[in-house]
Structure formats: structure tokens, C-alpha cells
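Asker: turn this into a model:
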Amino acid sequence: MARTGRSHRGWSVVLWLVAIWLTFHTTPRTIRTFSQWRHTRAETHQLELELQSLRQHEQYLQSELERARTDLGRESLARQRGWIRKGEEPLRLGR
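Answerer: Presented below is the predicted three-dimensional model:
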């Protein structure tokens, strides 16, 4: 009976040593993995915001393209750029 108790105690010590070794061995990896996960999560959030901004800009450009396809839209864009029709005189304000 004494032998069984000693054997049990030996296995208990071995199991504790294995548990301690696993804890010290895996903790740095766990911390590194968690840190990488947080960084990736923040980067993903930033990229999603950028994607949303680009989609809004794409919608704006699509609406400008649609406007430029109409006669009135082309004339409006030309006048914004300072173009005038033949025979028109530019209006100059100021000195």
C-alpha cells in the first residue's frame, strides 16, 4: 500500500511539472497570437471604413457620369470649367 501512495505522489508531481511547463511554454505564444489578432482586427476595421468611403466616392462618380451623359449636364460641366459658347462674352467682375 505504501508503494501505491508513493507511485501516486510521483505521478502527481510529474503531472504538475508538465502543467507548469505547458503554461510557461504556451503563454508567450498565446500573448503573441492575441496581439496579432487585435492588430488584424484594428486593421480590418480601418480597411472597412476605407472601403465604405471608396464606395461612396464611386456612387458620386457614377452620378457625375450620368449627369455628364445629358446635354444639360455637359453644358453645366463646360461652364464650370470656364468654357463659353460662340458669340458669348465672358462676364468679368472686379477691376
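Asker: downstream of the one helix or strand residue 41 maps to, the next helix or strand is which one?
Answerer: Assigned by DSSP states H and E, residue 41 belongs to helix 2-68. Sequence-wise, the next helix or strand downstream of helix 2-68 (DSSP H and E) is helix 71-80.
Asker: which strands and helices lie in contact with that next one?
Answerer: Helix 71-80 sits against helix 2-68, with contacts defined as 3 or more Cβ pairs under 8 Å, 6 or more residues apart in numbering; DSSP states H and E. C-beta: built from backbone N, CA, C; applies to glycine.
Asker: who are the packing partners of the helix holding residue 41?
Answerer: The contact analysis (3+ Cβ pairs under 8 Å, 6+ apart) places helix 2-68 against helix 71-80.
Asker: report the angle between the helix it packs on and helix 2-68.
Answerer: 90 degrees (axes from the mean of the first three to the mean of the last three Cα atoms, to 10 degrees).
Asker: low-confidence ranges, the chain, go.
Answerer: Where the chain drops to pLDDT under 70, the residues are 1-6, 95.
Asker: one more time with 50
Answerer: For the chain, the stretches with pLDDT under 50 are 1-2.
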